[in-house]
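> for reference, the sequence and a predicted model appear below.
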Amino acid sequence: VFASEALVGTSTLSFGLWIDSASLMVLFVAAFLCFLICWFAIGYMTTDPINEDRNHRFFAEFILFSMGMFGMVLADSFLWLFIFWEIMGLCSYLLIGFYWEKPSAAAAAKKAFLTTRVGDVFLMVGLFMLYDLYHSLEFAVIFGDPTMGGTIQGADLQWPLVMMFIGCVGKSAQFPLHVWLPDAMEGPTPASALIHAATMVTAGVFMLVRISPILQHSVTASIVIISFGLLTALIAAFSAINQYDIKKVLAYSTISQLGFMFIAIGAGAYVAAIFHLVTHAFFKALLFLGAGAVIHSMHHEQDMRKMGGLRKQMPITAGMMGIGTLAISGIPPLAGFWSKDEILASVFAKAGMEDELIFSLMYYLFWALTLGAAFLTAFYMGRHWLLIFEKDNGIDHSEVQEAPKAMTRPLILLGIFSIFIGFINTPFFHGLEKVLHETLENVEVTHLPEGIALVVLAVLSIGAGFTGLIIAFLIF
């Protein structure tokens, strides 16, 4: 405990750990992925002549970045959460601008730093407003009695929550503060995987789930969140269709998938949001590291139009990226199907829970547009895999070889997880809702439809994924 004399009386600043089911789950995912990405980076970074004199700096920044995520997940107050939140912002700047001699990398680092600072200023204002209401930033005080015996109403929480939401928009790259994430591809591929799968962009989603005990009291905040999430998912999906850089397709894909998580949070489906955070972390890490293996074997070429037909030269990478593509497209029984289907079903269920017709119709529209975003996901990811591994561009790739074992072994592990991790939220394993009960016991959670309605929704979700992949195959 650190004590400090203030102008008005004496205040204490304490540091502790807030450990519950949500923090443990996200901590496991982040720690395990950081380990695998670091393992991959040993093979990726040490074979690049540019990196010989600066590898020590890369791994130091990598570990500091990981520590920032771990600290944010385990913080017991919004003050420490914000401090670790800013540590991640600093490390993203350092890693995106790792190749500082490239003007594009230096510009991308500054763009990411300044854009996320916009969101962080709003977050800080939201924390000031929250402190003014509760006279504390400690979770134990704020979540112990979210309405303070009725003296604090949902209307009082509306503006603090909106301010904090804008902070999450910046960190998790939602519209209109999403513009920094595609340019973040200027950093080394392991850094891209770290930002997109294990750490920074998932921080905003985690914080929204963390504040769910007070978020549920603001209808306005929920509608704002789902609207921005849906808009982001659609904008990023349409953007991904037109990209030819192997990593930028995945960058826009991350933005779109984060939009799905925001949609779930706005619909009150906090379990589905955490579930998709977990599954997405594994298959997106797989896709990014697979792209890194391709870039490594293609001597740092990133234009997919100069690839094509690499499946024969890189069968392991092609197979693992194929698993990642099917997972993100929502094809059963891979991980992405279970989490994305739960988000779609939750939005549909939310429409049936609304008493007023206008809100009910609004959520049905949200569901239809989210289903369209799922279709676009399958289409652009099918295009991505086909342009890299299948389509014959008439270019001789006979000299291309499979990536070294230090890079393919993490891919295989991630491929296995991308197949089976989705089963943690099925009836066979009792589901995440029971696991997260401790975290969400005071939160009103949207429950899934039952019976034939759930089956019909699942069929529509699967149909959207298969249709997107088939159209991509027919075109590319």
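Received it, and whenever you're ready, just let me know what you need. Numbering: from 1, shown residues only.
> can you name the residues that contact Ile83?
For Ile83, the contacting residues are Gly71, Ala75, by Cβ atoms under 8 Å, 6 or more residues apart in numbering. Every residue, glycine included, has its C-beta placed from N, CA and C.
> any idea how far the host helix or strand of it is from the chain center?
Using DSSP states H and E, the element containing Ile83 is helix 78-96. Remark: helix 78-96 is offset 16 Å from the chain centroid, using Cα atoms, centre = their mean, to the nearest Å.
> so which bits of it are buried?
Within helix 78-96, the residues that qualify as buried by neighbour count (16 or more other Cβ atoms under 10 Å) are 78-82, 84-89, 91-96.
> and the next helix or strand past that helix?
The helix or strand immediately downstream of helix 78-96 is helix 103-134, counting by DSSP H and E.
> so which elements touch that following helix?
helix 78-96, helix 139-142, helix 154-171, helix 180-183 (3 or more Cβ pairs under 8 Å, 6 or more residues apart in numbering; DSSP states H and E).
> of those, which approaches Glu450 most closely?
Using Cβ to Cβ as the measure, helix 154-171 is the one of the helices and strands packed on helix 103-134 that comes nearest Glu450, at 29.2 Å.
> list the buried residues of that closest one.
154, 156-171.
> off-centre distance for that helix?
For helix 154-171, the separation from the chain centroid amounts to 19 Å (computed by Cα atoms, centre = their mean).
> one step back: quick one: average pLDDT of the helix holding Ile83?
Summarised as a single mean, pLDDT over helix 78-96 is 94.
> swap in stretch 369-389?
Confidence for stretch 369-389, expressed as mean pLDDT, is 96.
> which of the residues in that stretch are buried?
Applying 16+ other Cβ under 10 Å to stretch 369-389 flags 369-371, 373-389 as buried.
> cool, stretch 120-135 as well?
For stretch 120-135, burial by neighbour count (16+ other Cβ under 10 Å) applies to Asp120, Phe122, Leu123, Met124, Val125, Gly126, Leu127, Met129, Leu130, Tyr134.
> in TSV, list those residues along with pLDDT and distance to Ala237.
Below are these laid out as TSV (pLDDT from 0 to 100; distance: Cβ to Cβ, whole Å):
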residue	pLDDT	distance to Ala237
Asp120	95	27
Phe122	96	26
Leu123	95	27
Met124	95	32
Val125	95	31
Gly126	94	29
Leu127	94	33
Met129	92	34
Leu130	90	34
Tyr134	84	39
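> next, the angle from the helix holding Ile83 to helix 103-134.
Using axes from the mean of the first three to the mean of the last three Cα atoms, to 10 degrees, the direction of helix 78-96 lies 180 degrees away from that of helix 103-134.
> for the protein, which segments count as strands?
Assigned by DSSP state E, the strands in the chain fall at 2-5, 10-13.
> quickly, which of those bottoms out on average pLDDT?
For those, where the average pLDDT is lowest is strand 2-5, sitting at a mean of 40.
> got any ranges where the stretch 201-350 of the chain has weak pLDDT?
In the prediction, the stretch 201-350 of the chain carries no residues with pLDDT under 70.
> same check, this time on the stretch 51-200 of the chain
If you take pLDDT under 70 as the line, the stretch 51-200 of the chain has these spans: 51-53, 145-154.
> if we use 90, what do you get?
Under the criterion pLDDT under 90, the flagged ranges of the stretch 51-200 of the chain are 51-57, 99-102, 132-136, 139-162, 173, 182-190, 192-194, 196-200.
> center of the chain, which residue is that?
What sits nearest the mean C-alpha location of the chain, by Cα atoms, centre = their mean, is Thr202, with 4.2 Å.
> before we move on, the earlier item: can you check which of the helices and strands packed on helix 103-134 gets nearest to Ala240?
Distances from Ala240 to each of these were compared using Cβ to Cβ; the shortest belongs to helix 180-183, at 9.5 Å.
> and that closest one, C-alpha only, in CSV?
Provided in CSV are the C-alpha atoms of helix 180-183 (Å, rounded to 0.1, in the frame of the first residue of the first chain):
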residue,chain,number,x,y,z
TRP,A,180,-4.8,2.6,-37.3
LEU,A,181,-5.0,-1.2,-37.4
PRO,A,182,-4.5,-2.0,-41.1
ASP,A,183,-1.4,0.2,-41.1
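> so what secondary structure elements neighbour that helix?
Taking 3+ Cβ pairs under 8 Å, 6+ apart as the contact definition, the neighbouring helices and strands of helix 180-183 are helix 103-134, helix 246-266.
> for the ones you listed, give me CSV that also has distance to His397.
CSV is the format used below for the helices and strands packed on helix 180-183 (distance: least, Cβ to Cβ, whole Å):
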stretch, distance to His397
helix 103-134, 26
helix 246-266, 14
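> looking at those, which is buried most?
Of all these, helix 246-266 has the most neighbours on average by mean count of other Cβ atoms under 10 Å, namely a mean of 27.
> that helix packs against which elements?
helix 180-183, helix 189-193, helix 200-210, helix 219-241, helix 270-297, helix 335-353, helix 357-389.
> out of those, which is closest to Met25?
helix 270-297 (6.7 Å).
> orientation of that closest one relative to helix 357-389 in degrees?
Taking the same axes, to 10 degrees, one finds that helix 270-297 is oriented at 20 degrees with respect to helix 357-389.
> gap between the closest residue to Ser136 other than its chain neighbours and Ala155?
Nearest in space to Ser136, with sequence neighbours left out and distances taken as Cβ to Cβ, 6 or more residues apart in numbering, is Ile142 at 6.7 Å. As defined by Cβ to Cβ, to the nearest Å, Ile142 lies at a distance of 17 Å from Ala155.
> and Ile214, by the same measure?
Between Ile214 and Ala155 the distance is 12 Å, computed by Cβ to Cβ.
> next one: Tyr131
Plainly put, Tyr131 is 18 Å away from Ala155 if you go by Cβ to Cβ.
> same question, Met129
Taken as Cβ to Cβ, the spacing of Met129 relative to Ala155 amounts to 13 Å.
> what sits against Ile328?
Residues in contact with Ile328 (Cβ under 8 Å, 6+ apart) are Ser253, Gln257, His280, Phe283, Lys284, Leu287, Gly336, Thr377, Met381.
> nearest spatial neighbour of it, chain-adjacent residues omitted?
With Cβ to Cβ, 6+ apart as the measure, Gly336 is the residue that lies nearest to Ile328, at 5.0 Å, once sequence neighbours are left out.
> so that neighbour makes contact with Ile419?
No: counting by Cβ atoms under 8 Å, Gly336 stays clear of Ile419, with 10.3 Å between them.
> export only the CA atoms of stretch 243-260, formatted as CSV.
What follows is the C-alpha trace of stretch 243-260 in CSV, where atoms were taken according to Å, rounded to 0.1, in the frame of the first residue of the first chain:
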residue,chain,number,x,y,z
GLN,A,243,-7.1,-6.1,-50.4
TYR,A,244,-4.2,-7.9,-52.0
ASP,A,245,-1.7,-7.5,-49.1
ILE,A,246,-1.7,-10.9,-47.3
LYS,A,247,-1.6,-9.2,-43.9
LYS,A,248,-4.0,-6.4,-44.6
VAL,A,249,-6.8,-8.9,-45.4
LEU,A,250,-6.3,-10.3,-41.9
ALA,A,251,-6.1,-6.9,-40.4
TYR,A,252,-9.5,-5.9,-41.7
SER,A,253,-10.7,-9.4,-40.7
THR,A,254,-9.7,-8.6,-37.1
ILE,A,255,-11.6,-5.3,-37.2
SER,A,256,-14.7,-7.1,-38.5
GLN,A,257,-14.5,-9.9,-35.9
LEU,A,258,-14.0,-7.4,-33.1
GLY,A,259,-17.2,-5.8,-34.4
PHE,A,260,-19.0,-9.2,-33.8
